[in-house]
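A.B. asks: generate coordinates for the sequence data below:
(one chain, ligands or ions: 1)
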Amino acid sequence: MAEIVILDGVERLDEICAMEEICFSDPWSRDAFESTLDSGFACMLGALDGDRLVGYALIQCIGGDAELLNIAVSPACRGCGIGRALLEAGVSEAVVRGCEMMFLEVRESNASARALYEKAGFAKLGVRRGYYTHPREDAVMMGRGLEPVG
Ligand SMILES: CC(C)(COP(=O)(O)OP(=O)(O)OC[C@H]1O[C@@H](n2cnc3c(N)ncnc32)[C@H](O)[C@@H]1OP(=O)(O)O)[C@@H](O)C(=O)NCCC(=O)NCCS
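C.D. replies: I've put the predicted structure just below:
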């Protein structure tokens, strides 16, 4: 099982950008990652198998609300609980940072991610029509309350 760690700033960003290109039809650019990490509100979590990055999740915490901005697991390593572990670590970090709610958006057709979020207690809040591009698709907005850790 992979170890989940908090990455420091742009640590491992080359590997993250390479995995992002493989995992998404509309990948984040390196600039987008850098400016989000520069903002001081974001935290990147990495899943490590030994020294190999096998997944990552990016959260942002502003004024009591956390947002899951990005999450991906290397295709060869999916279905082993790494996505769930990254999401749980993101929730824990948001609680540590004083957040009370977490929100996210997901492509309507992304059944695996939606199942992951539903299992983790996220509920559908609404739909943003035509939110995504490449291909154009609606976003499902989801959210959950964050219970204090321990
Ligand atoms: C979504 C993603 C992060 C899940 O990562 P993962 O490591 O495979 O997920 P896990 O093994 O931790 O699975 C956790 C839960 O997610 C759901 N899930 C994961 N893969 C699934 C699949 N192929 N079909 C249905 N449900 C799935 C299940 O509910 C699963 O719980 P279970 O194993 O008890 O049934 C991964 O598929 C991925 O990287 N997808 C491409 C990037 C992406 O779409 N990110 C989300 C953007 S919003």
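A.B. asks: any idea how far apart the tips of stretch 127-143 sit?
C.D. replies: Terminal residues of stretch 127-143 lie 12 Å apart, using Cα to Cα, to the nearest Å.
A.B. asks: so residue 139: helix, strand or coil?
C.D. replies: strand (DSSP: H, G, I helix; E, B strand; the rest coil).
A.B. asks: show me which positions of stretch 13-25 end up buried.
C.D. replies: For stretch 13-25, a neighbour-count test (16 or more other Cβ atoms under 10 Å) marks 13, 16, 17, 19, 20, 23 as buried. Yep, even glycine has a C-beta here, placed from its N, CA and C like the rest.
A.B. asks: among the residues you listed, which ones are in strands?
C.D. replies: When the buried residues of stretch 13-25 are checked against strands (DSSP state E), there are no matches.
A.B. asks: between those residues, which is nearest the ligand?
C.D. replies: residue 23 (4.3 Å; Cβ to the nearest ligand atom).
A.B. asks: circling back: got JSON lines for the buried residues of stretch 13-25, with distance to residue 134 too?
C.D. replies: Output for those, formatted as JSON lines (distance: Cβ to Cβ, whole Å):
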{"residue": "13", "distance to residue 134": "22"}
{"residue": "16", "distance to residue 134": "19"}
{"residue": "17", "distance to residue 134": "17"}
{"residue": "19", "distance to residue 134": "17"}
{"residue": "20", "distance to residue 134": "13"}
{"residue": "23", "distance to residue 134": "13"}
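A.B. asks: tell me the contacts of the residue in the chain positioned nearest to the ligand?
C.D. replies: Closest residue of the chain to the ligand, Cβ to the nearest ligand atom: residue 83 (2.4 Å). Contact analysis of residue 83 by Cβ atoms under 8 Å, 6 or more residues apart in numbering lists 55, 71, 73, 113, 116.
A.B. asks: just the CA atoms of the strand or helix carrying residue 43, as PDB, please.
C.D. replies: According to DSSP states H and E, residue 43 maps onto strand 42-49. Extracted in PDB, the C-alpha atoms of strand 42-49 (Å, rounded to 0.1, in the frame of the first residue of the first chain):
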ATOM      1  CA  ALA A  42      -3.200  24.900  -1.300                       C
ATOM      2  CA  CYS A  43      -1.600  21.700  -0.200                       C
ATOM      3  CA  MET A  44      -0.400  18.800  -2.400                       C
ATOM      4  CA  LEU A  45      -0.500  15.300  -1.200                       C
ATOM      5  CA  GLY A  46       1.500  12.500  -2.800                       C
ATOM      6  CA  ALA A  47       1.000   8.700  -2.800                       C
ATOM      7  CA  LEU A  48       4.400   7.100  -2.800                       C
ATOM      8  CA  ASP A  49       5.300   3.400  -3.500                       C
END
